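# When you get a sec, could you give me coordinates for this:
(one chain, ligands or ions: 2)
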Amino acid sequence: MSRERSPGGAGAAVEHSLFLPDADATAALAEALAATRPERAVVHLRGDLGAGKSTLARAWLRALGVTGPVRSPTYTLVERYPLASGGEALHLDLYRIGDAGELEFLGLDDADARLWLVEWPERGRGGLPKADLEVHLGIEGEGRRCGLAFRGNAGESWRAAFVRQWPLAGAC
Ligand SMILES: Nc1ncnc2c1ncn2[C@@H]1O[C@H](COP(=O)(O)OP(=O)(O)OP(=O)(O)O)[C@@H](O)[C@H]1O
Ligand SMILES: [Mg+2]
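Ligands and ions are numbered 1, 2, ... in the order given. Prediction:
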């Protein structure tokens with residue numbers, strides 16, 4: 001796991017890069033992020049088709065206690081999950097959105113949302129809350145390369161907690 005600080009400015013973030021050799025490693029990462037997340041978190045999941053965004057989101061929702069089916073929001077754009085701890089988690093997949101204005105019609109309730117997991121966030125630009133964490137997934141050999149960029153004050157506290165939780169963080 002490597003770490004670097006991006007150039008200063010409002011969007012400055014500490015970035016981590018880690019290798020996920022298989023889907024179980026992606027799920028383990030989701031569990032560590034779920035265990036350390038702030039009370040409210042907005043997560044943008046970036047990466048090409050098949051990069052593992054839904055795998056990460058599904059494992060994250062399971063880690064939060066979602067036991068029923070986790071459907072892909074490919075056509076509905078959003079699936080909502082009530083959380084035992086209160087509020088709800090939103091899983092969005094904006095691949096098929098026409099334009100960012102359509103987000104308004106989904107009636108997403110920011111007050112109730114404790115977690116946003118957003119696939120293809122670049123397609124909802126302007127209509128989404130700012131990310132506390134950006135996850136970049138890319139195919140590397142048989143596995144995946146994952147970049148994590150924690151943003152803002154909430155993101156910085158989250159990063160500190162995550163680094164304590166993730167076993168490879170010591171290699172930074
Ligand atoms: N770290 C990993 N190493 C190898 N395979 C992985 C890894 N993580 C996920 N996969 C596999 O990648 C495949 C595609 O995953 P997934 O559907 O989550 O991608 P996606 O990014 O959501 O794609 P889309 O943009 O089409 O929704 C699945 O078969 C999944 O098991
Ligand atoms: Mg997907």
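# spatially speaking, which residue is in the middle of this protein?
Centroid-nearest residue in the chain: Val43, 3.6 Å away (criterion: CA atoms, centre = their mean).
# Quick check: which element contains that residue?
Val43 belongs to strand 41-46 when assigned by DSSP states H and E.
# And Leu92, by the same measure?
Here Leu92 is assigned to strand 88-93, by DSSP H and E.
# Need the contact partners of whichever helix or strand comes after that strand.
Downstream of strand 88-93, the first helix or strand assigned by DSSP H and E is strand 113-119. With CB atoms under 8 Å, 6 or more residues apart in numbering as the test, strand 113-119 has contacts from 37, 39-45, 53-54, 56-57, 60-61, 64, 73, 83, 85-95, 124, 128-129, 131. From N, CA and C alone the C-beta is placed, and that goes for glycine too.
# Just the buried ones out of the residues you listed, please.
By neighbour count, with 16 or more other CB atoms under 10 Å, the contacts of strand 113-119 hold 37, 41-45, 53-54, 56-57, 60-61, 64, 73, 83, 87, 89-94, 124, 128, 131 as buried.
# where in the chain is pLDDT low?
The chain contains residues with pLDDT under 70 at 1-14, 167-172.
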